[in-house]
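S.K.: Give me a 3D structure for the following:
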Amino acid sequence: MTGSRMMKLVTTVVLAATLAGCQEKRDPGFQGWVEADMIFVSPDESGRVIKLNVREGDEVKPGDLLYSVDDDLQRADLNQNNATLANARQSYDRAASLRGTGAGTQANLDSAVSALRVAEARVNTSQTRLDRRKGFAPIAGSIQQIYFREGEMVQAQRPVLSIMPPGNMKLRFFVPEAELPKLALGDEVRVTCDNCAADLTGKIYFIATTAEYTPPVIYSLDERNKLVYLIQARPSRPDVLRVGQPISIYLNPKTTPKTPVADRR
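M.R.: Residues are numbered from 1 along each chain as shown. Next up is the predicted model:
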């Protein structure tokens, strides 16, 4: 082998080793994913969904009508209680008139007043039950998922759909115990993901106080069998993220204030 070829071989080996060393020293960041706290909208009583006013992905604002559930039973109950209320008012008017002429007793009037109040309360309850057969948006956001379609039966307290408010988007990632002192509530972190904006950041709002083993999503074999802590942050631009999207989190280096040098004069 000539000296020239030997020199090229040595140069290639040194360059490869240098590149490998640079890759090993490159900060891989903390691996995590995007989640969101959903708002679930459900009826108080079971029934059949008769109308859906939204589709998945629609933007809604507070008070928008989302769905309607059949209200035959609630409407019949309201009509019955309205009839009872009408009778109670007649009984009260009669008892009050008799009491005014001295032909009736105070006890009869008190009983009529009590019956009237009960009838009014039942009408109010029936009206509330009827009103709640319609589901309205309690908060602004986008329709994330619809669980029951028109014609399907939904049980009481079972969500018909879910809403994702932009402010409820969060970044979840785990850090090893040794890295925990580098984090504090309110710290800003850099966020990267496939096809994401370069200026995407997040602000830490939660740091777990209890350690756990192996996060639910493993992106690196190095993270196995280590005690890790859950960290959560709010993204600066939730509109560009999607639930379940994998992300990488990088800490911003903290500057240490310089100690002033004493004047030696």
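S.K.: mind listing what Asp44 touches?
M.R.: 129, 132, 156-157 (Cβ atoms under 8 Å, 6 or more residues apart in numbering). Where C-beta positions appear, they are placed from N, C-alpha and C, glycine not excepted.
S.K.: Can you give me the domain assignment for this protein?
M.R.: Per automatic domain parsing, the structural domains of the chain span 28-37+166-251, 71-132.
S.K.: Compare the ones you listed and say which comes out lowest on pLDDT.
M.R.: Across these, domain 28-37+166-251 has the smallest mean pLDDT, namely a mean of 85.
S.K.: circling back: can I get the domains of the chain in TSV including mean neighbour count and distance to Val49?
M.R.: Formatted as TSV, those follow (neighbours: other Cβ atoms under 10 Å; distance: least, Cβ to Cβ, whole Å):
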stretch	mean neighbour count	distance to Val49
domain 28-37+166-251	15	24
domain 71-132	15	12
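S.K.: For Lys51, which of those domains is the nearest?
M.R.: domain 71-132 (11.0 Å; Cβ to Cβ).
S.K.: Ends of that closest one, what's the gap?
M.R.: Start and end residues of domain 71-132 are separated by 9 Å (Cα to Cα, to the nearest Å).
S.K.: ditto for stretch 53-60
M.R.: This stretch, stretch 53-60, spans 11 Å end to end (Cα to Cα).
S.K.: Buried residues in that stretch, which are they?
M.R.: Within stretch 53-60, the residues that qualify as buried are 54, 58, 60, counting by 16 or more other Cβ atoms under 10 Å.
S.K.: Out of those residues, which sit inside strands?
M.R.: If you go by DSSP state E, the buried residues of stretch 53-60 have Val60 in strands.
S.K.: Make CSV out of the buried residues of stretch 53-60 and add distance to Tyr92 and pLDDT.
M.R.: As requested, these are arranged in CSV below (distance: Cβ to Cβ, whole Å; pLDDT from 0 to 100):
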residue, distance to Tyr92, pLDDT
Val54, 45, 97
Asp58, 49, 96
Val60, 45, 98
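S.K.: Using JSON lines, lay out the buried residues of stretch 53-60 together with distance to Gln245.
M.R.: Below are the buried residues of stretch 53-60 laid out as JSON lines (distance: Cβ to Cβ, whole Å):
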{"residue": "Val54", "distance to Gln245": "24"}
{"residue": "Asp58", "distance to Gln245": "21"}
{"residue": "Val60", "distance to Gln245": "23"}
